[in-house]
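*Asks:* Got a predicted structure here, sequence first:
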Amino acid sequence: MKKLIGLMLLLAPLAVHADEGVKLQTAPVNLENKASLQRGAQIFANYCLSCHSANYMRYNRLQDLGLTTDQISQNLMFASDKVGARMTVAMNPADAAKWFGNAPPDLTDIARSQGANWLYTYLLSFYRDNSRPTGWNNALFKNVAMPFPLWQQQGEQKLVVDQVTGPNGKKVEVDHLVLAKPGTMTPTQYQAMVGDLVNYLVYLGEPIQETRKKDGIFVLLFLAVFFIPAYYLYKEYWKDIH
């Protein structure tokens with residue numbers, strides 16, 4: 001019973017984040033696209049790292065994406081002067097909790113816990129809501145405490161509620177978002193920007209993911225080849241024992 005209660009407590013935060021009425025969109029994740037990961041790292045440093053930390057990632061690890069030490073120092077480091085430092089945030093957690101209601105979470109493993117498609121849809125689902133303290137709400141994460149940092153790029157969306165006739169003939173309400181005020185980017189450009197950011201967040205959660213997958217293929221091939229002599233050795237060893 002204790003184990004069951006503990007599991008329910010672990011899953012509870014995920015349950016309140018999701019809105020079953022919103023269909024998740026597919027994130028364009030491609031960890032072999034170094035250019036996308038570099039753009040995503042820059043977006044993360046400029047728009048996310050001021051509030052959210054990534055305590056389990058060091059700046060110099062970005063060299064794996066093809067960036068030089070100078071590029072990292074000049075373009076991505078705003079909270080530290082050491083390339084080997086972790087991606088911490090200068091904001092005091094107590095102040096953050098006071099301003100936003102909750103301290104912004106560390107984003108190192110956010111893609112592994114929530115999923116790339118969830119993050120992609122979440123960043124596309126902000127809309128204006130003057131009843132909220134920040135002036136923003138989210139169709140996927142109702143009553144979200146986070147303000148929308150990318151509103152200038154996307155523009156301002158509004159939530160529209162339509163009544164449609166369901167399969168049983170009854171009227172049902174359907175929500176959808178409409179771009180009411182364009183931003184500096186077209187919808188396609190903004191989706192590409194969010195795709196790069198989510199791509200980097202997936203990389204952030206497991207930088208060696210692609211290496212692990214390639215090594216796994218070689219291991220499976222080795223085991224498949226090794227199975228043949230192992231099988232015949234087994235038969236030879238046990239042939240006189242019944």
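*Replies:* It's in.
*Asks:* Most remote residue from the middle of this structure, which is it?
*Replies:* Residue farthest from the centre of the chain, counting by CA atoms, centre = their mean, is residue 240 at 58.7 Å.
*Asks:* Name the SS class of that residue, please.
*Replies:* What DSSP: H, G, I helix; E, B strand; the rest coil gives for residue 240 is coil.
*Asks:* hmm, who's touching stretch 172-185?
*Replies:* Residues outside stretch 172-185 that contact it (CB atoms under 8 Å, 6 or more residues apart in numbering) are 21, 125, 127-128, 139, 151-166, 187, 190, 193. For the C-beta atoms, the positions are set from N, CA and C on the backbone; glycine is no exception.
*Asks:* repeat for stretch 86-106
*Replies:* Stretch 86-106 is contacted from outside by 49-59, 79-80, 133-134, 145-147, using CB under 8 Å, 6+ apart.
*Asks:* Give me the buried entries from those.
*Replies:* Buried by 16 or more other CB atoms under 10 Å: 49, 51-54, 57-59, 79, 145-146, out of these.
*Asks:* any idea which residue sits dead centre in this structure?
*Replies:* For the chain, residue 111 is the residue whose C-alpha lies nearest the centre (CA atoms, centre = their mean; 3.5 Å).
*Asks:* pretty sure that residue is touching residue 205, no?
*Replies:* Yes: counting by CB atoms under 8 Å, residue 111 touches residue 205, with 4.5 Å between them.
*Asks:* Tally up the residues packed near residue 219, please.
*Replies:* Residues lying near residue 219 (other CB atoms under 10 Å) number 10.
*Asks:* whoops, residue 26 was the one
*Replies:* By the measure other CB under 10 Å, the count of residues near residue 26 is 10.
*Asks:* just checking, it touches residue 115?
*Replies:* No: using CB under 8 Å, residue 26 is not in contact with residue 115; the gap is 10.9 Å.
*Asks:* residue ranges of the strands in this protein, please?
*Replies:* Assigned by DSSP state E, the chain shows strands spanning 54-58, 86-87, 126-128, 136-138, 155-165, 171-182.
*Asks:* Present these as CSV; the columns should include distance to residue 220.
*Replies:* As requested, the strands of the chain are exported to CSV (distance: least, CB to CB, whole Å):
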stretch, distance to residue 220
strand 54-58, 29
strand 86-87, 34
strand 126-128, 43
strand 136-138, 41
strand 155-165, 46
strand 171-182, 44
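*Asks:* need those strands in a markdown table with distance to residue 68 and mean pLDDT, can you?
*Replies:* Shown next, in a markdown table, are the strands of the chain (distance: least, CB to CB, whole Å; pLDDT from 0 to 100):
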| stretch | distance to residue 68 | mean pLDDT |
| --- | --- | --- |
| strand 54-58 | 15 | 91 |
| strand 86-87 | 18 | 88 |
| strand 126-128 | 34 | 97 |
| strand 136-138 | 37 | 96 |
| strand 155-165 | 35 | 87 |
| strand 171-182 | 36 | 86 |
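*Asks:* residues near the closest residue to residue 33 other than its chain neighbours, how many?
*Replies:* Spatially, and ignoring its direct neighbours in sequence, residue 33 is nearest to residue 199 (6.9 Å; CB to CB, 6 or more residues apart in numbering). The number of residues packed near residue 199 is 25, by other CB under 10 Å.
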